[in-house]
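Student: pasted the sequence and its predicted model underneath.
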Amino acid sequence: MKAYVFPGQGAQYVGMGKDLYDNSPLAKELFEKANDILGFRITELMFHGAEDDLKQTKVTQPAIFLHSVILANIMGDDFKPDVVAGHSLGEFSALVANKTLAFEDGLILVSKRALAMQEACEVEPSTMAAIIGLEDEVVVNICNEIDEIVVPANFNCPGQLVISGSFKGIDIACKKLIEAGAKRAIPLNVGGAFHSPLMEPAGLKLATAIENTSFRQGICPIYQNVNGESVSDVAIIKENLIKQLTSPVKWTQIMTNMITDGITELTEVGPGNVLQGLLKKVDRNIPSKSVQIEL
């Protein structure tokens, strides 16, 4: 059983997608369509922009989405997933790749998501931190004890959980988690507290956009962030997508459930190889690779 997975924010780099644009007529067509839809030349920022520009949430998210989705499109008949999944933002890439969402609709949703998240970050300054070397349950319990907004945000793999919340909440939590035996508590250079209650204003805006977007039956199931489970029902997919911004990403659970369900190989579609690394922390015996295309 073949699984295709799509990365989230943080995988971006300057120059991403330029080789696709230069060597594939289909890629060029889709990139230019994206420039028109977004109302600015995101290709210039992706191919030649400053790193700080590419780090802006409103640019990063559509950029990673485009790189991932265009790669899947270029694969053509070689893209034959039995299941898909995407980490946070990558869930939208996965839903376009498996035909649940049209390319244009997926890009518009990702752009609205990014703008709404950036606005929420500006209204309520907040942050995230990666906690290394503690059991998930310990991290969750300590977060629950703190009288500030601080919650588990990304269950990435055993021994790596990202927390999200107010600056004060994250500071208190990091100190307590180190005292509890964490090997490291690493503040992340992000725009705000993603996948936390502080994203509720963004979640409300995105919910309206999702409800007004056409979803179709996909060519294969998707394992969703909110519950870590395989989903095919379009109504449930939409419901889970709406909850995603304020709920933790259950990536460890997704990988565990995929393995239990019988995946035999995993292919990462998009920039970087972070998701392959996370898989190895769950099960080193499942072969994994990135998409390789001869251009």
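Tutor: Perfect, thanks for sending it.

Student: in stretch 45-60, what counts as buried?
Tutor: 45-47, 49, 54-55, 57-60 (16 or more other C-beta atoms under 10 Å). Bear in mind the C-beta positions are built from the backbone N, C-alpha and C, glycine included.

Student: ok, the residues you listed vs G39, which is closest?
Tutor: Checking these against G39 with C-beta to C-beta, the nearest one is K58 at 11.6 Å.

Student: would you mind measuring the gap between the ends of stretch 85-105?
Tutor: By C-alpha to C-alpha, to the nearest Å, the extent of stretch 85-105 from end to end equals 18 Å.

Student: where do the strands sit along the stretch 51-200 of the chain?
Tutor: Secondary structure of the stretch 51-200 of the chain by DSSP state E, counting those that start in this stretch: the strands cover 83-86, 126-132, 150-157, 160-166, 184-187.

Student: what angle do the fourth one and strand 126-132 make?
Tutor: Put plainly, it is strand 160-166. 160 degrees (axes from the mean of the first three to the mean of the last three C-alpha atoms, to 10 degrees).

Student: note down every partner strand of strand 160-166 and its orientation.
Tutor: Strand 160-166 has the following strand partners under DSSP bridges: strand 126-132 (antiparallel), strand 150-157 (antiparallel).

Student: who touches the longest one?
Tutor: Strand 150-157 is contacted by residues 87-88, 128, 136, 139-140, 143, 161-166, 169-170, 172-173, 193-197, 248-253, 255, 278-279, 281-282 when judged by C-beta atoms under 8 Å, 6 or more residues apart in numbering.

Student: centre of the chain to it, how far?
Tutor: 13 Å (C-alpha atoms, centre = their mean, to the nearest Å).

Student: how about stretch 105-121?
Tutor: The answer for stretch 105-121 is 13 Å, by C-alpha atoms, centre = their mean.

Student: quick one: mean pLDDT over it.
Tutor: On average, the pLDDT along stretch 105-121 is 95.

Student: same check on stretch 197-213?
Tutor: What stretch 197-213 shows for mean pLDDT is 95.

Student: show me where the stretch 101-250 of the chain has helices.
Tutor: Assigned by DSSP state H, counting those that start in this stretch, the stretch 101-250 of the chain shows helices spanning 103-123, 136-145, 167-179, 200-211, 234-243.

Student: could you measure from the nearest residue to C121 once chain neighbours are set aside over to S230?
Tutor: Once flanking residues are discounted, C121 sits nearest to G192: 3.1 Å by C-beta to C-beta, 6 or more residues apart in numbering. To S230, G192 is 30 Å away according to C-beta to C-beta, to the nearest Å.

Student: who has more neighbours out of these two?
Tutor: Comparing G192 with S230 by other C-beta atoms under 10 Å, the one with more neighbours is G192, at 23 against 17.

Student: which residues sit in contact with that one?
Tutor: Neighbouring residues of G192 by C-beta under 8 Å, 6+ apart: 117, 120-121, 124-128, 198-199.

Student: picking up where we left off before, just the buried ones from the contacts of strand 150-157?
Tutor: Buried members of the contacts of strand 150-157, scored by 16+ other C-beta under 10 Å, are 87-88, 128, 136, 139-140, 143, 161-166, 169-170, 172-173, 193-196, 248-253, 255, 278-279, 282.

Student: for the helix or strand of the chain with the lowest mean pLDDT, list the C-alpha coordinates in PDB.
Tutor: Using mean pLDDT, DSSP states H and E, the weakest-scoring helix or strand in the chain turns out to be helix 51-54, at a mean of 87. Below are the C-alpha coordinates for helix 51-54, written out as PDB (Å, rounded to 0.1, in the frame of the first residue of the first chain):
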ATOM      1  CA  GLU A  51      14.500  34.300   2.800                       C
ATOM      2  CA  ASP A  52      12.700  36.600   5.200                       C
ATOM      3  CA  ASP A  53      10.000  37.300   2.600                       C
ATOM      4  CA  LEU A  54       9.500  33.600   2.000                       C
END
